[in-house]
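Trainee: how does the following fold in three dimensions:
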Amino acid sequence: MAHDNTIKTEELLRLLCHDLSNPLQILGMSLEVLEDRCPLELQKLVARMKRSTDSISQILNLVRELQAFYSGKKELKMEVVSIDAIIAENQFTFLEKMKEKNISLVYKKEQQDINSVVLAEYVSLSNNIFKNIISNAIKFSNPNSTITIDLKETANNIIVKISDQGIGIPEELLSNIFSYNKENSRPGTAGEKGTGFGMPLVKLFLDLYGVEVKVESQTSDFHPNNHGTSFELTFLKAA
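Mentor: Purely as a prediction, here's the structure:
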C-alpha cells in the first residue's frame, strides 16, 4: 500500500509541474510585454513580479531534478555558490515584508575579504533553505526588530548564522522542528499563517549537501530581555 501511495504522489508531482509550467510561461511573457509599456512608477513592481515568476519556474525545475535524483536517474548537481548572492536575492525578495514590520536585515562578515563561496545547489539553497529560515525570522519577529546574518570561515568551512529577536520557539516545537510527522505550524506575530513544511524542507536539502545545522532558541515568555532564534549552518568551503 505504501508503495502505491508513493507512485501516486510522484505522478501527482509530475502532473502539477507540467500543468503549472504553461500558465507560468504565459505569465512571464505577459510581464515582459507589460514592463515595456507600463508607467515608470509600476516598473519596480513588475520587476519584482518577474523575479517571483522566475523563482517559481526554478522551483518547478528543481522538483523535477529531485524526482530524477530519488529515482536514481540523475545525481544532485553540486556547484560553487556565492552566499553573498544568496543573501542579496533574499534581501530583495523580502524587502516589502520587512517594510511592513519595519524589520532590518543586517549581513555581517567576520572579515570583509572572506570569499564566501560554498558547495551547494543554488535554487534550493536560496528558495528552500534561506527563504524558509528568513521568512520564519520575519514571521516570528515583532515590529522594529533586527535579523542578523553573520558569516565566518574556518580552514575548511563557511559558517552562516541567521539570528532574529523574535518570540522564540517553545521547547516542545523545537525538539520536532524538522519533522514531517509533527504539528509545527503556528501563527506569526502579525497572525501570519504557515504550513509546517518549511523546516523539514530545510533539513532535507541540508542533508543532501552534507551541511550541519544547529538551532538555538529562547522564548520571550521565559527570557523577556534576550529572546529569539538562531540557525547556524556549516558549509564545506568551495576551493
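
Trainee: domains for this structure, by residue range?
Mentor: 2-70, 79-236 (automatic domain parsing).

Trainee: which of those is buried the deepest?
Mentor: domain 79-236 (a mean of 17; mean count of other C-beta atoms under 10 Å). For glycine as for every other residue, the C-beta is placed from the backbone atoms N, C-alpha and C.

Trainee: between the two ends of that domain, what distance do you get?
Mentor: Distance between the boundary residues of domain 79-236 (C-alpha to C-alpha, to the nearest Å) amounts to 11 Å.

Trainee: now do I162 against T53, distance only.
Mentor: I162 is 26 Å from T53, where distance means C-beta to C-beta, to the nearest Å.

Trainee: need the domains of the chain in a markdown table with mean pLDDT, can you?
Mentor: A markdown table is the format used below for the domains of the chain (pLDDT from 0 to 100):
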| stretch | mean pLDDT |
| --- | --- |
| domain 2-70 | 74 |
| domain 79-236 | 92 |
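
Trainee: can you give me the helices in this protein?
Mentor: When assigned using DSSP state H, the helices of the chain occupy the ranges 2-37, 40-70, 83-93, 95-101, 122-124, 131-139, 171-174, 198-209.

Trainee: other SSEs contacting the fifth one?
Mentor: Right, the one you point to is helix 122-124. In terms of contacts (3 or more C-beta pairs under 8 Å, 6 or more residues apart in numbering; DSSP states H and E), helix 122-124 is packed against helix 40-70.

Trainee: again with the third one
Mentor: Under the contact criterion of 3+ C-beta pairs under 8 Å, 6+ apart, the helices and strands touching helix 83-93 comprise helix 40-70, strand 104-109, helix 131-139.

Trainee: now render the ones you listed as a markdown table, adding distance to P200.
Mentor: Shown next, in a markdown table, are these (distance: least, C-beta to C-beta, whole Å):
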| stretch | distance to P200 |
| --- | --- |
| helix 40-70 | 14 |
| strand 104-109 | 24 |
| helix 131-139 | 10 |
